[in-house]
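J.: attaching a predicted model along with its sequence, questions to come.
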Amino acid sequence: MDRTRSRKAFERSIKTFAGGVGSAGRLFPEPLFIDRGKGSRVIDIDGNEYIDYVIAFGPLILGHCPEVVMDAVSEQLGKGTMFGASHELEFLVSEKVAQLVPCIDLVRFTCSGSEAIHFALRLARAYTGRPKVIKFEGHYHGWYDNVYVSVKPSPPVGLPNAPWKVRGAPGQPENVVDNLVIVPWNDLEAVESALEDQGHEIAAVIAEPVMFNNGGIGPEEGYLSALREVTSRHGVVLIFDEIVTGFRLALGGAQEYFGVTPDLCVFGKGLAAGYPISGFGGRREIMELVATNQVAHFGTFNSNPLCLAAALATLEELSRDDGQVMQYVSAVGAKLRTGLNELFGRHGFPMRADGCDSIFVLNSPVLELRNYRDFMGVDAEFVYRFYEKMFNEGVWFMRRGNMMLSAAHTEEDVQQTLEAAERVIKSW
């Protein structure tokens, strides 16, 4: 593929735009500049077309430029973009979210997932009067100092059942780790031990219900239910980080999918089909601290009308006809995931698609992944080589192997992807 124009654009960009990218997650060995997207496809500025399984790192649950969302935003654009006051879309979207998500009695909206996480943790501390939070090694909860810890420690340090606390980036104060307790995923004994020893100081346990940022590792059978029981017993707030899983695994997110209801949750990527909005919500008695302004929540751009117009249109589309759209996304994802695993098995190719139907991760070699320490056995370089060859075939997913489906993906997309994968495997 010719990428001459993209390379020139990158050379120009890095002169004034730090690193040439707006987020560290967009760094590519080869510069990628997208010109436009429609449905399941994107076209770069060189005219190359790709089947898009990145879908903006998750938000484009309806694909690129869905008409129902574009129409809603266009209508709101004629009314105003910001007011600094209340408007009807706030309660219309709140009602819809509360209807769909099991744990939510009351909700507030923010601009980013990191903001929502930050406030949910503050709220848990205020509600319990305790300072500390249990976080799982390898789970990602945004880039703020207080939680960007032990996300991708390399090499992992400390004992497997007692990981050390590792800051994620230079510039984080040393004391950000003081109020965190790091435990391994899928190890109930480690959580119970931490709560027995420090329960009087633990405000919350926060978890990605599925560890999609590192390997697509789900909870073992009964694990989330056990977390629910042990946190309730110790008076600890259970928080599900549903930024990735919300409105994707099911209309009610992972808590509906797994049948376990947390005290609080945060959500974002699937909410508004690509518009910048996230939120947090949960049990009334906890959220009343926000409602009564005992724990103040500010934000100039909170509840932005354009984003809420997009959110309402998205949620209505996802939930129409008893969730037919959501069922389709899962079905087409299952066809791709199953097809890839069948292909890998038939050719003896050392790779497997782990995760759920509408979002999964390509891992190599084929390992039983239970937690982050297991994930460190994945050959990231092998996964990247497969990504690179697929990219040159016109199939674009995240270079660490994450693939996400949308309502715009078709069976033809799946077939073309499987054919490309077979060509890559045969030429390996």
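T.: Received the coordinates, thanks. Residues are numbered from 1 along each chain as shown.

J.: skipping adjacent residues, who's closest to W428 in space?
T.: Leaving aside its sequence neighbours, W428 sits nearest to F349 (C-beta to C-beta, 6 or more residues apart in numbering; 7.5 Å). Backbone N, C-alpha and C define where each C-beta goes, glycine included.

J.: what about that neighbour, distance to K426?
T.: 10 Å (C-beta to C-beta, to the nearest Å).

J.: likewise L180?
T.: 47 Å.

J.: more neighbours, those two?
T.: L180 (16 against 9; other C-beta atoms under 10 Å).

J.: give the contact list for that one.
T.: K132, V133, I134, K135, N146, V147, V149, S150, K165 (C-beta atoms under 8 Å, 6 or more residues apart in numbering).

J.: for stretch 401-420, buried residues please.
T.: The neighbour-count check on stretch 401-420 (16 or more other C-beta atoms under 10 Å) flags 401-409, 413-414, 417-418, 420 as buried.

J.: the most centrally placed residue in the chain in helix, strand or coil?
T.: Per C-alpha atoms, centre = their mean, the C-alpha nearest to the average position across the chain is that of V244, at 2.4 Å. Following DSSP: H, G, I helix; E, B strand; the rest coil, we place V244 in the coil state.

J.: nearest spatial neighbour of it, skipping sequence neighbours?
T.: F212 (5.0 Å).

J.: what's near enough to touch that neighbour?
T.: V244, T245, G355, I359, V361, N402.

J.: repeat for L62
T.: By C-beta under 8 Å, 6+ apart, the neighbours of L62 are V68, V69, A273, T314, E317, L318, V325, S406, A407, A408.

J.: cool, I243 as well?
T.: G113, A116, I117, G142, V266, F267, G268, K269, S278.

J.: gap between it and T4?
T.: On the measure of C-beta to C-beta, I243 and T4 end up 36 Å apart.

J.: how about Y144?
T.: 39 Å.

J.: neighbour count: those two, which is higher?
T.: Legend: neighbour count by other C-beta under 10 Å for Y144 and T4, higher for Y144 (15 against 9).

J.: give me the phi and psi for that one.
T.: phi -70, psi 150 (degrees, to the nearest 10).

J.: what residues are up against it?
T.: Going by C-beta under 8 Å, 6+ apart, the list of residues near Y144 reads S114, I117, H118.

J.: most neighbours of all the residues you listed, which one?
T.: I117 (26 neighbours).

J.: check which helix or strand it maps to.
T.: Element membership for I117, per DSSP states H and E: helix 113-128.

J.: that older thread, adding distance to I43, write the contacts of F212 out as a markdown table.
T.: Converted to a markdown table, the contacts of F212 look like this (distance: C-beta to C-beta, whole Å):
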| residue | distance to I43 |
| --- | --- |
| V244 | 26 |
| T245 | 30 |
| G355 | 28 |
| I359 | 24 |
| V361 | 26 |
| N402 | 22 |
